[in-house]
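Enquirer: Make a model of this:
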Amino acid sequence: MSHRGDPSETYFGISVGADPFALLGLPRRPVADNEVLQALGTRMSAIAGHARGQTPEANEIRLALHAAAAQLLDPQLQKLLLTTSGNDESQLLPEPVPEIPSPTIHAEEGVRESSEPIVHPLSHDVLLVVAANGGWNATAMRRLAMLAHARGIASHEIPEVISSVLANPMRSATRIARSAPASDAETTESPRIGSVLAASHIGLAGKASIGARLAPWVIGSITLVSLVLIWVRLTSSDADQRRNVPDGATAATSESAPSQAPTASVIPETIPTRMTPRDATRRISQLASDNRVFGDAELTQFRTAYESFSREWTSLSADQIGAVHDALLELLYRNSANPGNAQAILDVIGASMRSFSNEPEGFRAWVMSVATMSRLSMERNLPTSIDSAIIGRLTAALGQAASGTGQSFDDAVLLALNESATKLAATSESDRVWRVWLEQLAAVTTAGDDTYTAAVLDAIEQVMLTSEDPSQSRPVFQSLESLASAIKLDRGNQVSKRLLDWFANSRVTTSDLTVVMRPLIARSRADGIDESLIPPVGMGEAERGTLRSRLESVLLGKDAESVEAVASWMSIADQQLARSQPRKPAEIVARAVILSRLSAAARATLWGDRKLAESTLANLTGDVDQLISNSDPEPVDYLGGTNADEWAVKYIDAKQNIPIRQALLGELARNKRTLGPVAAEVIVRDAFLGTPATVRAQAREVVRLYADSPAILNGILEYLPRIPKIESSSELIEVVAYTRLPSVKSPAWSARARQACVDELLRRLAGIGEGQIVDSLANLLNESYGIRLGGTAASSQGSDAIDLAQSASELSSMWRRLAEQEVEEMSLLSDLEDLDHRSVGRLLLAEGSLDQFAAHQVTAVECMAILVIAENPGMRDEVESIQSELAQARRSSKNILEQITATETAAVKLWRLRLGRSVS
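Expert: Model (predicted):
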């Protein structure tokens, strides 16, 4: 027969009966809690990596290690252990206990199948746990379930062991071992050094005595049958849930146990991973009031508390949130001397800002972290390192919007919600996230006030402009419906004004308006607001304009203004159409700009955007006439004018008077002025050919100073054949012409230098005189095209013909789409197909951006003509007459600019037909 040895000797070479210091491998001296926990982790890792790490013996030594750690974590018990160990270590040890025989384990048997040796020590733990928890209660049952699970005992075996213990507790207690009797003084006054292992040989006599005294009370209070029934119920729901928990991972601590009852915890207590928001606020305030620098334990508690607070912050009052922010500032100031701690605190606060979350709890945490960081950035006394870290995190989360931070908490939440609305709209999130968005908005504003309503309206607009069409996306449909249900439509309020703006915005589809207006109409109690104002599916552009006029009449009380606006536009259009055709290029382009602005004002009038229409008509010709008035410059003006002739005369008259020439050159260096061609040539001459060297060097500096002058570049072209081919001359030409030249020894140097000077001079002269005026007019034309596309003048600025061609292409696509929606007649469908073929042909023949613009422009007008006929077939003759006039004007035009103006004239005539029909 073999005997079962001490399990700890298999793993660490020491007996389980050794004192806790030796068992954990710690020096015999006072040790801190973190040292104890670190040693415990090291021992547990060693067991896990052992070849027999999954045997019952391994589980026993794990429990022994936890018991030893629990003893050392108790300051009084650790002090007692050190005192007794220093005097006579044998005082703590019981008398030798004979080994308990165990069945022989043969090599082929593996791990023993019988549970008797494992269940046997549990009988001792039954009495110990009952004694430690003040009797047989739910806490004692739960603690025994964990111990049994750690030893690998099945749930159905536990009632049998408990029954045998309660039937004869004295026999079960003495079955383990017999030890020397302890005196009464030791029993009542000395702290108990507890262990739950039957295999350990520490203090068993005292524990057996406690069990003997409590056994009659236990037997008298609970019957065996009820105990088994209760045990089965608890273990089936509680112990089984912990079956996959690693050894030593958790410990259940009973709040109902008497505070004076001694306990021997075998599993260290863990910090909760989730707290209620109110508990979290109290914990953060408590950490701030503890007046101590953060350690690892405090940081862990702070992280748990802040995460719980940020995920559910909307359930807290403003005072509670303010208290948390005050506590955070206190923590930052207190830990400012330790940059690592301060940065760790900021890392916890900013953890949710690293990536935008579309989950409700993560979304709340993101908003709270952004707002908290913004609130912290208001502090001016924080160290620079902390303040920079705060600003850096805000910039990473908000981008350019971070420049508006450093404000109150409520304002910061509004900023965060505004930024998040853009992100949510771009990803077409579901209404579940938008409801959380509304919940957070209501936490910092009052539902229904101007701030709340404006924020919701902005969010609705973001969804309509950037998300999918609600008719194609269920989440977008629900999101718009949820947001619209949060506001109220009434006469004259900001909701009604914004609604009219949406009707005038072509980027807002009819489906968007239908979804938004249904809850608005349903919740409104104003007279005249009913379901007849909801846009029908498939509503055309003209019907949409008519419905907008009706809405404006109901919501703002403006009914006759539409007729007046159309009449005003008609009068101004007739005046412009009656003007004669100009002949100069700049004047031709100016007329095209004016006619395009008329078309833009007509669109704004049809869609009911009175403000835009009035401002466009008011600025119809003012800036254009001012540009045309400066379209006849003198030829010398291209090179800077003649205002420098007086200086040139003085310089030439100085001849060989070196001081006067140097003084005049110094005058140009001190007071920069516009150089004429004569002055530029004498300066360039002395810069390359002048004598002495001092004058030549001073002239070179003046050339560098006036390098952007066309006159200087023209002077270099005049003297280029006589300029010496030396490195200094080549470098100066490179500075003025903005180019790189080959080596002066290269035969190609002269040709390359002349080509570079000519190209750069032509580029500079293109922006002077009539060319500059035409470029400015082209920008104005592009602005007007932006308005015709549904934008505003401020958002529709271009810079060249490429932008114009793109704008015309978008305009022709818009008219093509509108015409296709309205056309039902087969002949008109055939006309659209023919138009597509002609458009492709024009683009194939187009050379350059200006030709492409003209091709798209005429295609847009032809699509518009088909749309007018589809809207009102009775106008077919008038439309065909306008098309014939356009074709004739294009054929008789002398240049492409005249063709562009003729096309804009036809567009204004077609708008005249559309607006006249809308009024009638």
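Enquirer: alpha carbons only for contacts and neighbour counts from here, please
Expert: Noted.
Enquirer: Poorly predicted segments of the stretch 401-550 of the chain, please.
Expert: 401-406 (pLDDT under 70).
Enquirer: Can you pull the domain assignment for the protein?
Expert: Domain ranges of the chain: 1-93, 636-765, 770-919, per automatic domain parsing.
Enquirer: Which of the ones you listed sits closest to Glu543?
Expert: For Glu543, the closest of the domains of the chain is domain 770-919, at 9.1 Å, according to C-alpha to C-alpha.
Enquirer: Please determine how far Leu457 is located from Trp313.
Expert: Leu457 is 24 Å from Trp313, where distance means C-alpha to C-alpha, to the nearest Å.
Enquirer: The two - which one has more neighbours?
Expert: Higher neighbour count among Leu457 and Trp313: Trp313, with 24 against 20, using other C-alpha atoms under 10 Å.
Enquirer: wait, doesn't that one sit right on Gly362?
Expert: No. Applying C-alpha atoms under 8 Å as the test, Trp313 and Gly362 come out as separate, 11.5 Å apart.
Enquirer: Which secondary structure state does the spatially most central residue of the chain sit in?
Expert: The residue lying closest to the centre of the chain (C-alpha atoms, centre = their mean) is Phe356, at 4.8 Å. Assigned state for Phe356: coil (three-state reduction, DSSP: H, G, I helix; E, B strand; the rest coil).
Enquirer: Mind pulling the model confidence for the closest residue to it other than its chain neighbours?
Expert: Residue nearest to Phe356 in three dimensions, not counting chain neighbours: Trp366, with 6.7 Å by C-alpha to C-alpha, 6 or more residues apart in numbering. With respect to pLDDT, Trp366 has a value of 92.
Enquirer: Just the CA atoms of stretch 831-844, as PDB, please.
Expert: What follows is stretch 831-844 as a C-alpha-only set of coordinates in PDB (Å, rounded to 0.1, in the frame of the first residue of the first chain):
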ATOM      1  CA  ASP A 831     -36.700  63.200 -78.500                       C
ATOM      2  CA  LEU A 832     -34.800  62.500 -75.300                       C
ATOM      3  CA  GLU A 833     -33.000  59.600 -77.000                       C
ATOM      4  CA  ASP A 834     -32.100  61.800 -80.000                       C
ATOM      5  CA  LEU A 835     -30.800  64.400 -77.600                       C
ATOM      6  CA  ASP A 836     -28.500  61.900 -75.900                       C
ATOM      7  CA  HIS A 837     -27.000  61.000 -79.300                       C
ATOM      8  CA  ARG A 838     -26.400  64.700 -80.100                       C
ATOM      9  CA  SER A 839     -24.900  65.300 -76.800                       C
ATOM     10  CA  VAL A 840     -22.300  62.600 -77.200                       C
ATOM     11  CA  GLY A 841     -21.500  63.900 -80.700                       C
ATOM     12  CA  ARG A 842     -20.900  67.400 -79.400                       C
ATOM     13  CA  LEU A 843     -18.600  66.200 -76.600                       C
ATOM     14  CA  LEU A 844     -16.600  64.200 -79.100                       C
END
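Enquirer: Show me what counts as buried in that stretch.
Expert: Leu832, Leu835, Ser839, Arg842 (16 or more other C-alpha atoms under 10 Å).
Enquirer: which SS state does the last one fall under?
Expert: Reducing the assignment at Arg842 to three states with three-state DSSP gives helix.
Enquirer: What are the buried residues along the helix or strand harbouring Val758?
Expert: Per DSSP states H and E, Val758 falls inside helix 749-765. Of the residues in helix 749-765, those buried by neighbour count under the rule 16+ other C-alpha under 10 Å are Ser750, Ala753, Arg754, Ala756, Cys757, Val758, Glu760, Leu761, Arg764.
Enquirer: Okay, buried residues for the helix or strand following it please.
Expert: Remark: after helix 749-765, the chain's next helix or strand is helix 770-788, criterion DSSP H and E. Using 16+ other C-alpha under 10 Å as the test for burial, helix 770-788 gives 770, 772-788.
Enquirer: ranges for the helices of the stretch 551-700 of the chain?
Expert: 561-577, 585-606, 610-618, 622-628, 645-654, 658-670, 677-689, 693-705 (DSSP state H, counting those that start in this stretch).
Enquirer: tell me the angle the first one makes with helix 610-618.
Expert: Meaning helix 561-577. Interaxial angle, helix 561-577 versus helix 610-618 (axes from the mean of the first three to the mean of the last three C-alpha atoms, to 10 degrees): 20 degrees.
Enquirer: which secondary structure elements does helix 561-577 contact?
Expert: For helix 561-577, the contact count by 3 or more C-alpha pairs under 8 Å, 6 or more residues apart in numbering; DSSP states H and E identifies helix 585-606, helix 896-919 as packing neighbours.
Enquirer: what's the answer for the second one, then?
Expert: Helix 585-606 sits against helix 561-577, helix 610-618, helix 622-628, helix 770-788, helix 896-919, with contacts defined as 3+ C-alpha pairs under 8 Å, 6+ apart.
Enquirer: For burial, what's the neighbour tally of Gly392?
Expert: Gly392: 13 neighbours (other C-alpha under 10 Å).
Enquirer: any idea which element it lies in?
Expert: Element membership for Gly392 (DSSP H and E) is helix 384-398.
Enquirer: Alpha carbons only: can I get that helix in CSV?
Expert: Extracted C-alpha coordinates of helix 384-398, given in CSV (Å, rounded to 0.1, in the frame of the first residue of the first chain):
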residue,chain,number,x,y,z
THR,A,384,1.2,72.5,-19.9
SER,A,385,1.8,68.8,-20.5
ILE,A,386,-1.7,68.0,-19.2
ASP,A,387,-3.4,70.8,-21.1
SER,A,388,-1.6,69.8,-24.3
ALA,A,389,-2.7,66.2,-23.8
ILE,A,390,-6.4,67.3,-23.4
ILE,A,391,-6.3,69.5,-26.6
GLY,A,392,-4.6,66.6,-28.5
ARG,A,393,-7.3,64.2,-27.6
LEU,A,394,-10.0,66.7,-28.5
THR,A,395,-8.4,67.4,-31.9
ALA,A,396,-8.1,63.6,-32.6
ALA,A,397,-11.8,63.1,-31.8
LEU,A,398,-13.4,66.3,-33.4
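Enquirer: rewinding a little: let me have the helices and strands packed on helix 561-577 in JSON lines, extended by distance to Arg292, mean pLDDT and mean neighbour count.
Expert: Below are those laid out as JSON lines (distance: least, C-alpha to C-alpha, whole Å; pLDDT from 0 to 100; neighbours: other C-alpha atoms under 10 Å):
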{"stretch": "helix 585-606", "distance to Arg292": "67", "mean pLDDT": "90", "mean neighbour count": "25"}
{"stretch": "helix 896-919", "distance to Arg292": "77", "mean pLDDT": "87", "mean neighbour count": "20"}
